[in-house]
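Asker: Quick one: sequence and predicted model below, then my questions.
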Amino acid sequence: MKRLLITGASGFLGWNIAQKAKAEWTVIGTHHSHSANIPGITPVKIDLTKFNDLKTLFREKKPAAVIHTAALSEPNFCQENQNTSYRINTEAAINIAGICSDLDIPCLFTSTDLVFNGLNPPYSEEDQPSPLNVYGEHKLLAEIGMKNRCASVVICRMPLMFGRTGSTASSFLQPLLKRMRSGAAVNLFVDEFRTPLSGKNAAEGLIIALEKLPDVVHFGGVERISRYEFGKLAMEVFNYQNANLNPCKQQDIQMPAPRPRDVSLTNAKALQMGFRPEPLKVSLERLKAV
Ligand SMILES: NC(=O)c1ccc[n+]([C@@H]2O[C@H](COP(=O)([O-])OP(=O)(O)OC[C@H]3O[C@@H](n4cnc5c(N)ncnc54)[C@H](OP(=O)(O)O)[C@@H]3O)[C@@H](O)[C@H]2O)c1
């Protein structure tokens, strides 16, 4: 089997991709501050911001393709730690694209819906990015820099994701469910909309992208939904009758990173490629059954 390098295998999305990819690929999965004990993959501990280590990784592991998911993906952290964010979210991504170009191997990059400002949703691949926060800016700079270094890089813009994960990562769903179970108040925006996608569906989409190698593709989920409505749906599916959901507005809660109102992504191009995301309720019911 050919070797697939997944950066960020200890993270939420990398773990999900590794689960799917290992049937068809020999998977090498990187981790950094956490371990990546995923049965059936070869873990490699590395700080991807160290260029010499990165070159050694490619020289020793000889991947035939790369899916670069590793990132600092928490917008508030990036807003307050801009240099740290730039080094992994932009610089390391561009270096990886450069190496992939030199080796002439496919490189997929998981970017974000947060490259858009949220004023004109839904966003298709033709829309112009204009990020509101540092995280979105750094991911957009990565997109541009990677394309400059390696024209064949596949930019996969991902929506808000949720779902199963390994022991070293989390999605926004796990803390949400925990608070719901405890009966503690959960503030959820009624005026912030996304097109969420399960990690399982995201991994399926990315594996399709690895076969088709489009230029840019958006993996919007089936439904556009507010954070509050998502919480209500999760409460219903998980039957947390004591959950204490508090509908609120973005302006009610101050955070370091500005938040776009609606960065819903389209998925028409992905659907044409064979992507088949499930309705949210089906994804949540699947998670409940695990
Ligand atoms: N989660 C979402 O809802 C969402 C939405 C849109 C786009 N995305 C994009 O999807 C990708 C994956 O996000 P995620 O939610 O899976 O993130 P995550 O759970 O926070 O995982 C991030 C991964 O990056 C690794 N990493 C961070 N800094 C590193 C460094 N200096 N060197 C090597 N590895 C490093 C982490 O390793 P350790 O944990 O071992 O340190 C971890 O494996 C990111 O590119 C993100 O921008 C995510």
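Answerer: Done, it's in.

Asker: Leaving out sequence neighbours, find the closest residue to Q174.
Answerer: Nearest residue to Q174, sequence neighbours excluded (Cβ to Cβ, 6 or more residues apart in numbering): T165, at 7.7 Å. Every residue, glycine included, has its C-beta placed from N, CA and C.

Asker: check contacts around the one you found.
Answerer: For T165, the contacting residues are 12, 15-16, 171, 174, 199, by Cβ atoms under 8 Å, 6 or more residues apart in numbering.

Asker: How about V222?
Answerer: When contacts are counted by Cβ under 8 Å, 6+ apart, V222 touches 195, 267, 277-280.

Asker: got it, and K20?
Answerer: For K20, the contacting residues are 200, 203-204, 207, by Cβ under 8 Å, 6+ apart.

Asker: Repeat the analysis, applying 7 Å as the threshold.
Answerer: Going by Cβ atoms under 7 Å, 6 or more residues apart in numbering, K20 touches 203-204, 207.

Asker: Can you pull the phi and psi angles for it?
Answerer: Note on K20: its backbone torsions stand at phi -80, psi -40 [degrees, to the nearest 10].

Asker: now do the one 5 residues further on
Answerer: Backbone dihedrals for W25, given as degrees, to the nearest 10, come out at phi -130, psi 160.

Asker: Mind checking which of the contacts of K20 are in helices?
Answerer: The helices, defined by DSSP state H, take in 203-204, 207 from the contacts of K20.

Asker: can you give me the helices in this protein?
Answerer: For the chain, applying DSSP H gives helices covering 12-21, 51-61, 75-80, 82-85, 93-103, 134-149, 173-182, 199-212, 227-238, 268-273, 280-289.

Asker: Now the last one: buried residues?
Answerer: Along helix 280-289, these residues count as buried under the neighbour rule (16 or more other Cβ atoms under 10 Å): 280, 283-284, 287.

Asker: Quick check, R87 in contact with T49.
Answerer: Yes - contact criterion Cβ atoms under 7 Å: R87 and T49 qualify, at 4.5 Å.

Asker: Now for I17, how many residues are close by?
Answerer: Residues contacting I17 under the criterion other Cβ atoms under 10 Å number 30.

Asker: ok, it - contacts?
Answerer: Listed by Cβ under 7 Å, 6+ apart, the contact partners of I17 are 6, 67, 69, 203, 206.

Asker: thinking again about what came up before, could you dump the buried residues of helix 280-289 into TSV with distance to the ligand and pLDDT added?
Answerer: Listed next are the buried residues of helix 280-289 as TSV, based on distance: Cβ to the nearest ligand atom, whole Å; pLDDT from 0 to 100:
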residue	distance to the ligand	pLDDT
L280	14	98
S283	14	97
L284	15	97
L287	15	94
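
Asker: so which two of those are the farthest from each other?
Answerer: Across the buried residues of helix 280-289, no pair lies farther apart than L280 and L287, at 10.6 Å, counting by Cβ to Cβ.

Asker: residues touching whichever residue of the chain sits closest to the ligand, list them.
Answerer: In the chain, no residue comes nearer to the ligand than G11, which is 2.0 Å away by Cβ to the nearest ligand atom. Listed by Cβ under 7 Å, 6+ apart, the contact partners of G11 are 69-70, 169.

Asker: Would you mind listing what in the stretch 51-200 of the chain touches the ligand?
Answerer: With the criterion set to Cβ under 6 Å from any ligand atom, the stretch 51-200 of the chain comes near the ligand through 69-73, 88, 110, 112, 139, 158, 160-161, 168-169.
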